[in-house]
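S.K.: following is a predicted model, sequence given first.
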Amino acid sequence: MSWAIGYDKHWKRDVGYGVPAICDDPECTKEIDRGLSYVCGGEPYGGECGCGLHFCGAHLWMGEGGQVCRRCRDGEPPYSPKPDTSEWMLWKLQHPSWSDWRAENPEEVARMEAALAAPTPATPPATALPSSP
């Protein structure tokens, strides 16, 4: 089984080392991926001790149960997840391998197109399909 691309039903977003992302710490802009190396809890979806959000190395701590974010370390509620990057949204909207997904999810396609049309700091403008996710 590959963890390149999967889906986290709790956070309602794509995960895996094939998914480019930004660290979920609210103050951080470091580019990461949503693979196991960056997940709070160190296991798929966060395992037993993490929230399942994704953080750069500066925002993960090693605890008794594995790598965790500051909030999980301190027993606080999780941060809000950051949105998908424009790079990832464009990949899903334009790459032929996602054509079936686009046909099956027109509402999500419309949401992504709207997000790309109104960029924010978390989703800067992008106009071309990246070479690979």
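M.R.: That came in fine, so what should we check first?
S.K.: domains in this structure, by residue range?
M.R.: Under the assignment automatic domain parsing, the domains of the chain span 6-73, 83-133.
S.K.: most packed of the ones you listed?
M.R.: The highest mean neighbour count among these, using mean count of other C-beta atoms under 10 Å, belongs to domain 6-73: a mean of 18. Placement of C-beta: from N, CA and C, glycine included.
S.K.: low-confidence regions, the protein specifically.
M.R.: 1, 119-133 (pLDDT under 70).
S.K.: longest helix in it, please.
M.R.: helix 106-117 (DSSP state H).
S.K.: mind listing the helices for the protein?
M.R.: 70-73, 86-94, 99-104, 106-117.
S.K.: so which of those comes closest to Phe55?
M.R.: Phe55 sits nearest to helix 70-73 of all those, at 8.7 Å, using C-beta to C-beta.
S.K.: name the residues that touch stretch 23-35?
M.R.: 3, 13-22, 38, 53-56, 58-59, 69-70, 79-82, 85, 121 (C-beta atoms under 8 Å, 6 or more residues apart in numbering).
S.K.: distance between the ends of it?
M.R.: Terminal residues of stretch 23-35 are spaced 12 Å apart (C-alpha to C-alpha, to the nearest Å).
S.K.: what segments of this protein are strands?
M.R.: For the chain, applying DSSP state E gives strands covering 6-8, 13-22, 31-34, 61-63, 66-68.
S.K.: among those, which is nearest Leu93?
M.R.: strand 13-22 (13.0 Å).
S.K.: now the angle from that closest one to helix 86-94?
M.R.: Interaxial angle, strand 13-22 versus helix 86-94 (axes from the mean of the first three to the mean of the last three C-alpha atoms, to 10 degrees): 130 degrees.
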